[in-house]
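Below are the sequence and a predicted model; questions follow.
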Amino acid sequence: MPPVNRQWRGLDRLARDPAFVARASAEFPQLAAALAEPRDRRSVLKLMAAGLALAGLSGCDDGAPGGVLIPPVLPADNTVAAGSRMFATASVLGGYADGILVRHVNGRPIKVEGNPLHPASLGGTSAIGQAEILGFYDPDRSRGLIRDGEPQSWSSLLTTLAAQRDALGQGAGFRILTGAVTSPTFSRQIAALKQRYPEMRWHRWDPVCRDAMRAGAVLAYGQPVEVLPQLDAVDLLVTIDSDLLDSAPGHLRFARDFAARRNPARTDRMSRSYAIEPTPSLTGVAADHRFVVSPRDLVRIVPALAASILRGETPAGMPSWFAPLAAEMQAAHGRAFIHAGPQQPAEIHALVHAMNEALGGRGATYTLIGPVEADPVDQAASMRDLMADMQAGHVTSLLIMDSNPVFTLPGFGEALKRVPFSMTLAAETTETGGQTHWTLPARHPFEDWSDARAYDGTVTILQPQAKPLYDGLSPHALLALFQAADQVDSRDVVRQTHGLTDGQWHDALATGVVPNTRAAVSDARLKSGAAQALPPRPAGGEVTLLFRPDPHLWDGRFANNAWLQELPRPLTKLTWDNPLLVSPAIAKRLGLANGDRVSVAVGDASVVLPAWVMPGQAADCAVALLGFGRTDVGMVGQGAGYDVYPLTGGGGPVTLRKGTGREVLACTEHHDPIFTDAGDYVRQGTLAAFKANPGFLGGPAEQPSLYNRKPTGPAAWGMSIDLNACIGCNACVVACTAENNIPTVGKQQVIHEREMHWLRIDRYHEGDPADPNILFQPVMCQHCEQAPCEIVCPVGATVHDQEGLNVMVYNRCVGTRFCSNNCPYKVRRFNYFDFAGEERRPAVARNPDVTVRARGVMEKCTFCLQRIAEARIDADMANRPIGADEVKTACQSACPAQAITFGNMAQGGDIAERKKSPLTYTLLDDQGTRPRVTYEARIFNVGSDTGT
Amino acid sequence: MNAIEPVTLPGSNNPDMTDHVSAIALRSKAFLWWWIAVAPAALLTSILIGSILYLFYAGVGIWGIDWPVAWGFAIISYVWWIAIASGGTFISALFFLTRSEWRNSINRIAESMTLFGAACAGIYPILHLGRPWFFYWLFPYPNSMGLWPQFRSPLLWDFFAILTYVTASVLFWYLGLLPDLATLRDRAPTRTKQVVYGAMALGFRGTSGQWRHYHALYGVLAAIMAPLVCSVHSIVGLDFAGAATVGWHSTMFPPFFIFGAFLSGFATVLLLIMPLRRLLRLQRYITTRHVEVLGRLLLTSSLFVGYAYIMDAFTTYYGGEKAEITMFQEKLFGYYAGIYWATILFNVLLPQLLWFRTIRLNQLVVGLISVGVIVGMWCERYTIVVVSLHRPRLPSSYGIFHATIWDWLTLTGTAGFFVFGILMIVRLVPVISMFEMREILAPRRP
Amino acid sequence: MAAIFRPTANIAAQVVVVGLGMLIVGGAVWWWAWPRMDYVRHMGWTVEQPVPFSHQHHVAGLGIDCRFCHVTVETAANAGLPPTYTCMTCHSQIWTNAALLAPVRESLANNTPIVWHRVTDLPDYVYFNHKIHIAKGVGCQSCHGTIQDMALTRKARTLTMGFCLDCHRDPAPNLRPADAIFNTDWHRTAETPSPAALMQHYHVGGRNLTDCSICHR
């Protein structure tokens, strides 16, 4: 029988969970009935989809199935029935906003794009931001008011809240728990609540928090200022275990600014960057030099660095690269910038502040601004207080919003039992929701009005993109209900906050930014004592255990998002799992191979999970990835991976033992992880060599060919990918998935090597496993002019069109798979099963402009043909040629670093420019395929002394 | 050591032969051994049908094929069977043209083998498709979509070749059967058999005129079959040679595959005649001479194949393309090395024993060698398809292949179907071409 | 020995042979003809509709322009179906209580859409776009037939891929002057520009309209 993929497994398991069945029956009686006998998973699915149809969306679809047409009763106002439009809003993570535009087709949201006008985005998006649209359509989202597992009516909630309002009195026992918040409206409402309940307290908890940075700022400046780097002005970037390009607030903008200085063919002032880190990060991989340093050495090296920069000392016992680096930093006065990651202790941050000041970067390479977060607190401390009060029984009513402490904070569940009244408001199903008295379904951000601030303080108004799929409650409305009896509309609450005129309001909505809300530059002065503070030594023991958020599931909140689950992690290429990342040294010592079980113990807490060898990780380091192993999350994330949060609680020595047996992990790369010749595919060289001879990495070799079939159409589509800009963040992959209705296949099928991504990012390690050179290369259909796939297809299902596209005609394909065999780049994907049909995703969520592929047909990147076709038709209607940069592919527009350029080469434009770059080469050019996709070789700006 | 028997033992003559052979076909009751053999064959055949039905229901995903290794057992077995089938045609057609006497006694068995070998091969290309119900799209016919197949694709020509070959084989086999069917008709004990055989004999009465036409036609068909069998297998070879894939992109394939056809064909014939001559008491007409001759042919073709293997290695390293060399080393020492070395052992090394006459005359050993060759030929195709595909040009797309239960069931299923078919032949029609034997036997009893 | 077959057997044999031949030929013919048959393409089928709307009456009779109801035909891929509201603009004045129109009135009253049944339905993998065809001078009737004569709407063309390709190979015969595109009783006259001239005028022929990527995505 066909291997059951992860999602289904989840379903069957869940179907046996009485809590879920209760919840389900509240919403869908027929669904519950079907779940009672979960042998027939397909019918369950149908009901799920039906549920969404009921939610009143399918009506929009003109091509509705069943051969009927359903026109609206009244002419729809202000939405076009056909065609697509964009509406601005923001995707918020950890409180910070990235501006996005949501594309609506036939009146329904189907795709997230970046907002070019938003400072934190400039048109780019993150993988998580791209995937948010799937979360919006997630059938597992929590629905219906639940109290102690019983469905409740709206009125019973109102009476309960009325009782609360009376009972709370001065609010001594009233606590609100949220994640970090930047929403002006939210904090305004909190302030109002504090008026009414003077003694209430507002606690904050994010398992992945930035406490240390805040504390560091306080150490250095006496106030929680935030650093606003200007990376395009930075000549020398030194990052210390940093997340600058990975996930720091504003990372999309940083990637863009960073990339602007990375391609010597376009900038004559290529920046140089050093990364000092214990485990590989995107920031480290993007650097010219990556120094692998254990955290316990970091606490020694960073103060030494500070000493030599601030006081000109030359500390002993430092690695060989230390002195030259220090010297280079001194030399780069006013052009250098140092950044330390949130995992580093406050003292290190204080030192970094001091060094930045000393290097005269302030005002040039970065500025300081007041805190963007509303009323920032030390979250760890804030949580300690809350837990203590809960245990002591001081907490009488607890309201939890946008936070899942039962899962992310060991011991919270226990403490929660002692709270007489607790209430969760969450859009997704959460463990916390299962344990509070009340569980209220929150509106998805795409259904609600709100606001949030970006890394630089700019405010964005979040506007609803669709009528709520399931009636949920707005956080703002709920806060208002704690304030007073009258129910408010979240739109009004948000509008009151900003006091904009109608004109300004509509502009703010249209542009996605509220003008002049950028945070003011702070003139805080560095405290004298800042540079003295020394960081604490991390606990001894032969293994240092680091906790990092999973790059895609973050702290676990996206665990039910199939796109993110199946998105190969940038560095490990793993999907659906979070093995313990161990350094090659540890692997050698314990005799671990990828997949072998290990048991990690911290104090008395321990977890058994598979191991994965991470080249380039400090010898003593093991990294546990947060966010997996959710137990009450929905059918996709159910039971995927391992919950490592228990380890975060137990203090004490870390022990690592090899366990018995091994797990099969779903990795999308199957080659020997270490390479000596990755350069054959990812061409690379040093800046010096480039200066000597710019063309030294070879142009695209035009192999002589007996018959030249040059496409003769009015347009010539081409793509250029800048490997200097690509940071491997995967945003393009999710964008492609969303745009082209690419199905997810589940863990089992990924293990079978049947993943469907049209665009993959190849990752090579080169050199010494302990400190390899890590390289990224996005690979999609290369649209060869001499395409090997085309000549072998017996039915002509893949052919060339006049504009140079290698066209795949799904409905002609009979599935011989010969094209895939013959593709040197292996970019074709085959529907071994009815993947699209089995996907847990309502039909209305799909892009109606792209065919949904059936079982047994081949598919591949089309250069977003649907977008080309649209432009083609518009151009023809105006009797003009298609502009050079008129069409943007999904991957291109998603890329925060603008690594991908696409366009009509016949009309010149950016694409023609980039193709002229001396770094341009074609992949496997010896195959004579003449791809329309070319790459710009990676250049390393290697230091003369620090050089390796 | 014992001297080699002549093609037919001294004293054999037409009447005895005809009595003996037609009696087998006309028996009212089948042999016990026949029933014992047919039971498992029928079981496997029904398993084949079952796994095909499930395949159509669930899709090719039930097989082990994956992203880099997009072709698997379906193609391996297809090539394997078509090679076995071709072997039969060599004996029935090629050696007919060379007028080799010994071929007459085993030609019926060889042709039947071709028939069912081709049948087993023929179903695979369709099962292989992702959407098998559209297989006819490979056929150039005027459709309402205004579309034609793509004539540059080797697969298309493969489709034509196999279609032609199957049709031609059926005709050749049936034509060869006509005179013997007539004989059976005349000797049939019951009315039903008379009518059935009579109808199948298409009114062949053996008049001199009929014989004249018959010989002409048979000669022509044989002359067509001989080049056809080479072309069909060359074109199967082109499926690989025509691709730019690592390990396939070599002009050697067409001859290489024909060598393979010789090898597996002779081995299979040996495996069929050695038991049958005993079970049906045909030692008088199928003698150790046949075994000995086929043994030599087996040895010769194994030398051919060995040459091909050497050239495979030579061209790889002489060509010096990195991807090719990487793949080849993987072939020799990698995950699938065992299969490659099994190929060498079974197809090249073991058959060398046949240099010795004693061995050639030892039917047990010859039988074992033949079995080895058939297994070896399957391994060879496994190496060509799977091992080549699992090491593409970009390391990022390296992969692995593991067969599933459905792969194996389908394979064994076709094997069962093949045996089943042969048994039916044995039961229903003369296993020796009587009219051709008459050309080399004494006309009357001494 | 007695002959097994009586002479009549010869006839039987011949019948069988001829029969086989005819079977093969017949099969081939059927295979060719079947997908082209109007029956299979539902040509001329009238479909049961909630309201027996008559294009004949509204278009030929009252002379209402196509775009009055199919508003997006010039601006979008879909020609668009009129909302109930559009019907009621007139029918709130005339035939206000005709039994035939009861479903329309109810639709507006209960705010429940009218569910029409498709007359022409293309496969989901075909992306036909109305606006470009209109912009390039292809009249409605080229695909929808003599809609103005249809008391009940029916499918007037096979709409096979072959049908589309015929026009995509040579659009000229189907092009009309811009002012005649929605004119249902238009036909070529001496004054009409030649097909070639129209091709020129609409800039048709710049690209290869038979590329797969023109219709399939």
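Here it is on my side, so go on.

just the helices in the stretch 201-350 of chain B please.
For the stretch 201-350 of chain B, helices defined by DSSP state H, counting those that start in this stretch occupy the ranges B:208-241, B:253-279, B:288-319, B:322-333, B:337-344.

and the last one, what other elements does it pack with?
The contact analysis (3 or more Cβ pairs under 8 Å, 6 or more residues apart in numbering or on different chains; DSSP states H and E) places helix B:337-344 against helix B:322-333, helix B:363-382. In short, each C-beta sits where N, CA and C put it, glycine included.

Take the ones you listed and lay them out in a markdown table including distance to residue C:209, mean neighbour count and mean pLDDT.
Listed next are these as a markdown table, based on distance: least, Cβ to Cβ, whole Å; neighbours: other Cβ atoms under 10 Å in any protein chain shown; pLDDT from 0 to 100:
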| stretch | distance to residue C:209 | mean neighbour count | mean pLDDT |
| --- | --- | --- | --- |
| helix B:322-333 | 40 | 18 | 91 |
| helix B:363-382 | 45 | 21 | 94 |
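
In the chain, where is pLDDT below threshold?
Since no chain was named, I'll use chain A. Along chain A, the model assigns pLDDT under 70 to residues A:1-66, A:75-84, A:673, A:700-703, A:708, A:944-948.

My question was about chain C, not that one.
The model of chain C has pLDDT under 70 over residues C:1-2.

Can you show me the helices along it?
For chain C, the helices defined by DSSP state H occupy C:8-33, C:55, C:66-69, C:84-91, C:102-110, C:130-135, C:141-144, C:161-169, C:195-202, C:212-215.

how much space between the residue most central in space within chain A and residue A:231?
Taking Cα atoms, centre = their mean, the centroid of chain A lies closest to residue A:128, which sits 3.1 Å from it. Here the criterion is Cβ to Cβ, to the nearest Å. By it, residue A:128 lies 21 Å from residue A:231.

check contacts around the nearest residue to residue A:314 once chain neighbours are set aside.
Once flanking residues are discounted, residue A:314 sits nearest to residue A:308: 6.0 Å by Cβ to Cβ, 6 or more residues apart in numbering or on different chains. With contact taken as Cβ atoms under 8 Å, 6 or more residues apart in numbering or on different chains, residue A:308 is in contact with A:314, A:315, A:323, A:326.

Neighbour-wise, which one of those residues leads?
residue A:326 (21 neighbours; other Cβ atoms under 10 Å in any protein chain shown).

wait, that one sits on residue A:305?
Yes: in this structure, residue A:326 is within contact of residue A:305 by Cβ atoms under 8 Å, at 6.1 Å.

got the contact list for the residue nearest to the centre of chain A?
Residue A:128 touches A:91, A:93, A:552, A:554, A:558, A:564, counting by Cβ under 8 Å, 6+ apart.

next one: phi and psi at the residue sitting furthest away from the middle of chain A?
In chain A, the residue that sits farthest from the middle, by Cα atoms, centre = their mean, is residue A:706; the gap is 47.0 Å. Main-chain torsions, residue A:706, degrees, to the nearest 10: phi -70, psi -40.

just residue A:98 next, same as before
Dihedral pair for residue A:98: phi -110, psi 130, per degrees, to the nearest 10.

Neighbours of residue A:845, how many?
With other Cβ under 10 Å as criterion, residue A:845 counts 21.

typo on my end, it should be residue B:23
Neighbours of residue B:23 using other Cβ under 10 Å come to 12.

just residue A:179 next, same as before
Each residue near residue A:179 was counted by other Cβ under 10 Å, and the total is 21.

what about it, distance to residue A:133?
With Cβ to Cβ as the criterion, residue A:179 and residue A:133 are 21 Å apart.

Contact partners for residue B:330?
Going by Cβ under 8 Å, 6+ apart, residue B:330 touches B:336, B:387, B:390, B:391.

Get me the contact residues on the stretch 101-250 of chain B for chain A.
Within the stretch 101-250 of chain B, the residues that sit near chain A (Cβ under 8 Å from any Cβ of the partner chain) are B:128-132, B:134-135, B:137-138, B:147-150, B:152-156, B:159, B:242-245, B:248.

could the helices and strands packed on helix B:337-344 be laid out in JSON lines, adding distance to residue A:888?
Listed next are these as JSON lines, based on distance: least, Cβ to Cβ, whole Å:
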{"stretch": "helix B:322-333", "distance to residue A:888": "34"}
{"stretch": "helix B:363-382", "distance to residue A:888": "46"}
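
how many neighbours does the residue nearest to residue B:223 when sequence neighbours are not counted have?
Distances taken as Cβ to Cβ, 6+ apart put residue B:97 closest to residue B:223, at 6.7 Å, once the chain neighbours are dropped. Residues lying near residue B:97 (other Cβ under 10 Å) number 12.

again with the one 3 residues further on
Other residues near residue B:100 come to 14 when the count uses other Cβ under 10 Å.

wait, is it part of a helix?
No: Residue B:100 is assigned coil when assessed by DSSP: H, G, I helix; E, B strand; the rest coil, not a helix.

distance of it from residue B:217?
21 Å.

Kind regards, and thank you for your time.
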